[in-house]
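Enquirer: Need coordinates for the below:
(4 chains)
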4 protein chains.
Amino acid sequence: MNGKTQGGTMPEFQPVMDVAALEAFFAAHFPQIADDGRIYRFLSVQPGIVCLQFAPTEKNLRPGSTISGPTLFALADYAAYGAILAHIGPVALAVTTGASIDFLRKPSLGLLVAEAKLLKLGKRLAVIAIAISDELGALVAHSTMTYSIPPG
Amino acid sequence: MNGKTQGGTMPEFQPVMDVAALEAFFAAHFPQIADDGRIYRFLSVQPGIVCLQFAPTEKNLRPGSTISGPTLFALADYAAYGAILAHIGPVALAVTTGASIDFLRKPSLGLLVAEAKLLKLGKRLAVIAIAISDELGALVAHSTMTYSIPPG
Amino acid sequence: MNGKTQGGTMPEFQPVMDVAALEAFFAAHFPQIADDGRIYRFLSVQPGIVCLQFAPTEKNLRPGSTISGPTLFALADYAAYGAILAHIGPVALAVTTGASIDFLRKPSLGLLVAEAKLLKLGKRLAVIAIAISDELGALVAHSTMTYSIPPG
Amino acid sequence: MNGKTQGGTMPEFQPVMDVAALEAFFAAHFPQIADDGRIYRFLSVQPGIVCLQFAPTEKNLRPGSTISGPTLFALADYAAYGAILAHIGPVALAVTTGASIDFLRKPSLGLLVAEAKLLKLGKRLAVIAIAISDELGALVAHSTMTYSIPPG
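Expert: Sure thing, here's the model as predicted:
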């Protein structure tokens, strides 16, 4: 499911930012996503893959203790954006052009983790698959997002 | 683009809730979406179509005064949910099972309006197309959402 | 649902190919889609909108006389491609980068019509919404497709 | 990216049909997809995962030796359908309700393989992620498909 499979010839994705650099960039440029406290936390950066943890608050819950769809979409979006930045650096202004998401299961209460994998990192477009799992390891949502990468 | 075209045989969609009823339902069941003030406002309910207005706040802006993708997704989701409830009534617990969204243009500053049209309202699944426009009438985003409707 | 709404400031889409020009282009460049006879036929070209008619054959039917999903996807893709070419001319080599499609109803037997509307026609990306209806006017499928437009 | 991760509590997917049974079912019920010769071939059935190989013919090529988008969509759809049938048996009449697909790279000439993974197999809905790779191991397309599973 990633851009390179065993025996393939795709050049490996090579990160240029680590967890600390990602955290610093988001804190500086997206302070509003931390308005409710430090609910997002980058866990790891590997070639082609970035993991982002999310601690839901009361505000993100729907009746029945369900995490809202827009909350899961935002989590997927931040993880995807982190995966791109980690590989092209903090300068570029990538913007989402399209996304699809499937909501699979009601998550257990507790932390969620979004794993964002680069499917493609071209000069103009990047495509990322994001799998969101809960603390029990169940897959909660799956999304694919496309970002446009500006020239230069 | 709606479920019935001229000369068609689809039964017309018939709303069972009006703007006031929708507003009351959301105020009672989704108080958290009004945490930052009354930024959502249902404008109209017609057969198969519901319009929802959104007044962005500082919190929804990205660098460069862009409305964030998750904010537009949330707007589309609320409008779609409103369109379903307006036609099946406030009791049912419909949940989003999947969605796709295309971000088309950077909106002008100011109010946005999401127009949600029922493409299908079946016993088990509803599909809604949502067009989000800015105050200048430019199409900002287009989304399609699928909701699962519980039995009974 | 199109790129311009009343009172808006979007420049109108202006076609540069008519039905005859589209038909000639597809016959020359996509002869294989006519292998089973003349089953596709462009009906009209208007600013921002192109209509393509499809006459299903036995080969496109699934058990229960259902039109197959891939057949409807292909119809949406050809209509979208026709809509782009009609507005940028026959030279450019646009390629699909992504698509989503919702299958709404089992169509009645008979002709289908795909109406492709430009939602965006930028320098790099075009986004098209396609509504497929059957002869009774019922909406059978709805799709959104993104095309990458090559530089120059 | 599958329905169960290490340490998770999701029940494992358990296939009830093997490669031979899938091949026999498709030959009996979808003879038209073999009209141009035996271009599809199931390679393997594992818990939650089915692999389908595709040998493109001249008919599937676009100018520039590109595999057409609808051809890749059809390949993804057959693989997804095979994955569902392999796990619920040949009787059920599952139908696609929605799909999204991203086209990532122009494939090398030669065989393609679609790997279909169950993300969810519920009573009413199944969601499948499909990754299509070429002979060099490069990821060519990625799709997510939702099927409605009939009651009983």
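Enquirer: Let me know the secondary structure of A:Asp77.
Expert: Secondary structure, DSSP: H, G, I helix; E, B strand; the rest coil: A:Asp77 is helix.
Enquirer: Go ahead and confirm A:Arg105 touches D:Leu121.
Expert: No: A:Arg105 lies out of contact with D:Leu121 (C-beta atoms under 8 Å); the separation is 11.3 Å. Quick note: C-beta positions are derived from backbone N, CA and C, even for glycine.
Enquirer: how near is A:Ser100 to D:Ile149?
Expert: Separation of A:Ser100 from D:Ile149 (C-beta to C-beta, to the nearest Å) stands at 21 Å.
Enquirer: between those two, which one's more packed in?
Expert: The neighbour comparison of A:Ser100 against D:Ile149 (other C-beta atoms under 10 Å in any protein chain shown) goes to A:Ser100, with 27 against 17.
Enquirer: Could you pull up the residues touching the more buried one?
Expert: Residues counted as contacts of A:Ser100 (C-beta atoms under 8 Å, 6 or more residues apart in numbering or on different chains) are A:Ser143, A:Thr144, B:Gly98, B:Ala99, B:Ser100, B:Ile101, C:Ser100, D:Ser100, D:Thr144.
Enquirer: at 6 Å what do you get?
Expert: Taking C-beta atoms under 6 Å, 6 or more residues apart in numbering or on different chains as the criterion, A:Ser100 is in contact with A:Thr144, B:Ser100, C:Ser100, D:Ser100.
Enquirer: Closest one of these to A:Ala21?
Expert: A:Ala21 lies nearest to A:Thr144 out of those, by C-beta to C-beta, at 25.4 Å.
Enquirer: Could you measure from the residue nearest to A:Pro56 when sequence neighbours are not counted over to D:Ala126?
Expert: Residue nearest to A:Pro56 in three dimensions, not counting chain neighbours: A:Ile67, with 5.7 Å by C-beta to C-beta, 6 or more residues apart in numbering or on different chains. A:Ile67 sits 22 Å away from D:Ala126, taking C-beta to C-beta as the criterion.
Enquirer: Who has more neighbours out of the two?
Expert: Higher neighbour count among A:Ile67 and D:Ala126: D:Ala126, with 25 against 22, using other C-beta under 10 Å.
Enquirer: Surely A:Glu115 touches A:Ser133?
Expert: No: A:Glu115 is beyond contact range of A:Ser133, at 7.4 Å (criterion: C-beta atoms under 6 Å).
Enquirer: and the two? which has more neighbours close in?
Expert: Each of A:Glu115 and A:Ser133 has its neighbours counted (other C-beta under 10 Å); A:Ser133 has more, 23 against 20.
Enquirer: residues in contact with the more buried one?
Expert: Residues in contact with A:Ser133 (C-beta under 6 Å, 6+ apart) are A:Val113, A:Leu139.
Enquirer: did I read that right, it in a strand?
Expert: Yes: A:Ser133 forms part of a strand when assessed by three-state DSSP.
Enquirer: What's opposite it in the beta bridge?
Expert: A:Ser133 forms beta bridges with A:Val113, A:Leu139, as assigned by DSSP bridges.
Enquirer: Could I get the pLDDT score of it?
Expert: pLDDT recorded at A:Ser133 is 97.
Enquirer: Next one: it from chain B, what distance?
Expert: Look at A:Ser133 and chain B: by C-beta to the nearest C-beta, to the nearest Å, they are 18 Å apart.
Enquirer: next one: A:His142
Expert: As judged by C-beta to the nearest C-beta, A:His142 and chain B stand 10 Å apart.
Enquirer: Return the list of helices and strands in contact with the host helix or strand of that residue.
Expert: Element membership for A:His142, per DSSP states H and E: strand A:139-148. For strand A:139-148, the packing partners by 3 or more C-beta pairs under 6 Å, 6 or more residues apart in numbering or on different chains; DSSP states H and E come out as helix A:69-88, strand A:95-103, strand A:125-134.
Enquirer: Could you rerun that using 7 Å?
Expert: If contacts are counted by 3 or more C-beta pairs under 7 Å, 6 or more residues apart in numbering or on different chains; DSSP states H and E, strand A:139-148 sits against helix A:69-88, strand A:95-103, strand A:125-134, strand D:95-103, strand D:139-148.
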